[in-house]
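Asks: Please find the sequence and the predicted model below.
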Amino acid sequence: MESMAATIGVSVPVSRFLLCFVVMIPVSFFHRFVLSPFGKHLYAALSGAFLSYLSSGFSSNLHFLVSMLLSYLTMVLLWSYCEILVFL
């Protein structure tokens, strides 16, 4: 990874991000072949979490997981005010 980063003139974290950014293209292409809605959601969640972990580490997934769970709980429990609460 270090040699690739030096070749293109960026740091190692930036090269990991760029690599994951390019890998997202085939990952999103294969998303269309998942047939069930639950399977599509599961594929998107797992592939997104995996690529996020590869590019940014565990702390980024923890940040996203907390914000997604809070948003989801707001939509389930306070559905009439969820637009405003999730926006805030």
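Replies: All right, it came through fine.
Asks: tell me the domain boundaries of the protein?
Replies: 1-56, 58-88 (automatic domain parsing).
Asks: Save those as CSV, and put in mean neighbour count and mean pLDDT too.
Replies: To be clear about C-beta, it is placed using only N, CA and C from the backbone, and glycine gets the same treatment. CSV is the format used below for those (neighbours: other Cβ atoms under 10 Å; pLDDT from 0 to 100):
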stretch, mean neighbour count, mean pLDDT
domain 1-56, 13, 86
domain 58-88, 11, 81
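Asks: Pull stretch 79-88 out as CSV, backbone CA atoms only.
Replies: The C-alpha trace of stretch 79-88 is given here as CSV (Å, rounded to 0.1, in the frame of the first residue of the first chain):
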residue,chain,number,x,y,z
TRP,A,79,-42.7,8.8,13.5
SER,A,80,-44.8,12.0,13.4
TYR,A,81,-41.8,14.2,14.2
CYS,A,82,-39.1,12.1,12.7
GLU,A,83,-38.2,14.5,9.8
ILE,A,84,-37.4,17.3,12.2
LEU,A,85,-35.6,15.1,14.8
VAL,A,86,-33.5,13.3,12.3
PHE,A,87,-32.5,16.5,10.7
LEU,A,88,-31.5,18.0,14.0
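Asks: Excluding its own residues, what touches that stretch? List them.
Replies: With contact meaning Cβ atoms under 8 Å, 6 or more residues apart in numbering, stretch 79-88 is reached by 71, 74-75, 78.
Asks: Since that was my last question, I'll sign off now.
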